[in-house]
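Participant: Have a look; sequence and predicted model below, questions after that.
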Amino acid sequence: MDRKAALRRVGLVVLAGNVLLVAAKAAVWYRTGSLAVGSEAVNSLTDVTYSVVILGGLYLTTQPPDLEHPHGHERIEPFVSLFVAAGIFAAGGAILWSAVGAIRGGGGAIAVAQGPGAAAVLAASAAIKYGLYRYCLRVGETNNSPAVTATAMDNRNDILASIAALVGVLGAQAGYPLLDPLAASAVALAILYTGVEVVLDNVNYLVGAAPPQDLRAEIVRRALAHPEVEGVHDVVAHYVGPEIDVSLHIEVEGERTLLEAHEIESAVIESIRALDEVDDVFVHVDPRELGEWKDDYAEQLAARDGE
């Protein structure tokens with residue numbers, strides 16, 4: 001399955017799963033009044049909202065390049081992820097506010113969920129969220145999609161939130177009603193933590209940060225692997241959206257013809273572009289005799305690799 005189809009499918013699957021969960025949790029909350037179940041219903045409603053945003057965003061990011069966007073639309077993904085984070089913060093804050101108010105009230109008016117319905121829906125939620133987490137994580141990592149990876153992280157924390165809510169419901173039924181709003185508070189904190197993780201993971205994509213060191217080292221290694229390349233310098237690799245643009249200078253024998261230099265350049269570009277994370281590669285060919293080799297990061301990486 002190509003990237004476009006994979007990303008669009010994961011958006012539909014997550015949306016369908018979250019719609020199912022919000023309907024089930026809302027029904028149980030309406031019947032029992034449990035604050036823990038209600039907080040989970042709000043959490044799932046937020047998930048539905050951002051699932052719609054994710055689905056729309058993934059549709060845009062998988063559109064082909066055009067005259068206005070010659071490099072494609074993948075750079076939209078980090079903005080979609082930050083929109084998700086904003087919704088996560090709003091939901092977490094609202095739940096925490098309600099839970100703290102109930103705790104300060106002393107627990108006298110806290111509704112205790114009776115019967116197995118609340119526990120059953122929370123246990124089922126944890127199981128469904130685990131399946132969505134594994135699915136989204138695999139698709140996000142395989143297709144280098146920050147938006148889908150952010151969705152996986154949210155589903156991972158939803159598992160813990162459902163377990164916390166389950167503990168609160170069972171504790172309230174055992175005669176400790178304050179455990180219900182305490183569990184809701186734990187759910188809220190898990191939601192807020194997810195928002196922080198999403199923001200931190202996408203900031204680098206927006207500010208053009210350098211990729212991890214091992215990837216930069218691999219770029220240098222691939223350039224130096226060509227038998228005609230005598231040196232590499234002025235290596236710059238940075239994120240442009242979730243993908244990486246690379247520019248570098250390679251040194252070849254000055255007696256090479258223009259055609260030979262072009263073939264070397266094309267081979268180096270093809271080798272580096274074969275890296276899944278890399279989008280565009282720009283290579284400048286220098287005559288080795290000019291002595292432009294520098295003690296820069298490229299040389300440090302090459303030396304470190306040889307240790």
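Facilitator: Here it is on my side, so go on.
Participant: got the residue ranges for the strands in the stretch 201-307 of the chain?
Facilitator: Applying DSSP state E, counting those that start in this stretch to the stretch 201-307 of the chain gives strands spanning 231-240, 243-252, 278-287.
Participant: Between those, which one is closest to Ala124.
Facilitator: strand 243-252 (37.6 Å; C-beta to C-beta). Quick note: C-beta positions are derived from backbone N, CA and C, even for glycine.
Participant: Partner strands of that closest one, with direction?
Facilitator: Strand 243-252 pairs in its sheet with strand 231-240 (antiparallel), strand 278-287 (parallel), by DSSP bridges.
Participant: Could you give the separation of that strand from the chain centroid?
Facilitator: Centroid displacement of strand 243-252 relative to its chain, using C-alpha atoms, centre = their mean, to the nearest Å, is 27 Å.
Participant: and His149, what element?
Facilitator: Check again: residue 149 is Thr, not His. Applying DSSP states H and E as the criterion places Thr149 in helix 146-173.
Participant: re the thing from before, will you turn the strands of the stretch 201-307 of the chain into TSV that also has mean pLDDT and mean neighbour count?
Facilitator: Below are those laid out as TSV (pLDDT from 0 to 100; neighbours: other C-beta atoms under 10 Å):
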stretch	mean pLDDT	mean neighbour count
strand 231-240	87	19
strand 243-252	89	20
strand 278-287	89	17
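Participant: so can I have a markdown table of those strands showing distance to Tyr133?
Facilitator: Formatted as a markdown table, the strands of the stretch 201-307 of the chain follow (distance: least, C-beta to C-beta, whole Å):
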| stretch | distance to Tyr133 |
| --- | --- |
| strand 231-240 | 25 |
| strand 243-252 | 24 |
| strand 278-287 | 28 |
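Participant: sorry, back to before: now tabulate the strands paired with strand 243-252 in JSON lines and tack on distance to Arg104.
Facilitator: JSON lines is the format used below for those (distance: least, C-beta to C-beta, whole Å):
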{"stretch": "strand 231-240", "distance to Arg104": "45"}
{"stretch": "strand 278-287", "distance to Arg104": "52"}
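Participant: how about those, which one is nearest Glu265?
Facilitator: Among the strands paired with strand 243-252, strand 278-287 comes nearest to Glu265, with 4.9 Å by C-beta to C-beta.
Participant: What distance do you get for the most far-flung residue of the chain relative to its centre to Glu228?
Facilitator: Distance from the C-alpha centroid of the chain peaks at Glu255, with 47.9 Å (C-alpha atoms, centre = their mean). Distance, Glu255 to Glu228, using C-beta to C-beta, to the nearest Å: 11 Å.
Participant: Point out where this structure drops to low pLDDT.
Facilitator: Within the chain, the stretches with pLDDT under 70 are 1-2, 36, 61-62, 65, 69-74, 102, 105-115, 180, 290-307.
Participant: what's the domain layout of it?
Facilitator: The record's domain parsing of the chain by automatic domain parsing lists 3-207, 213-305.
Participant: okay, those, which one's buried deepest?
Facilitator: Of all the domains of the chain, domain 3-207 carries the top mean neighbour count, a mean of 20, counting by mean count of other C-beta atoms under 10 Å.
Participant: helices or strands next to the helix or strand hosting Val52 in the packing?
Facilitator: Using DSSP H and E, Val52 falls within helix 35-61. Contacts defined by 3 or more C-beta pairs under 8 Å, 6 or more residues apart in numbering; DSSP states H and E place helix 35-61 against helix 3-32, helix 76-104, helix 117-142, helix 146-173, helix 179-207.
Participant: Save those as JSON lines, and put in distance to Glu289 too.
Facilitator: Listed next are the helices and strands packed on helix 35-61 as JSON lines, based on distance: least, C-beta to C-beta, whole Å:
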{"stretch": "helix 3-32", "distance to Glu289": "44"}
{"stretch": "helix 76-104", "distance to Glu289": "43"}
{"stretch": "helix 117-142", "distance to Glu289": "45"}
{"stretch": "helix 146-173", "distance to Glu289": "44"}
{"stretch": "helix 179-207", "distance to Glu289": "38"}
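Participant: so what's Arg256 up against?
Facilitator: Counting by C-beta atoms under 8 Å, 6 or more residues apart in numbering, Arg256 touches 228, 264.
Participant: Got phi/psi on it?
Facilitator: The phi/psi pair for Arg256 (degrees, to the nearest 10) reads phi -60, psi 140.
Participant: If I follow the layout properly, Tyr50 ends up in contact with Ile88?
Facilitator: Yes. Between Tyr50 and Ile88 there is a contact under C-beta atoms under 8 Å: 7.4 Å.
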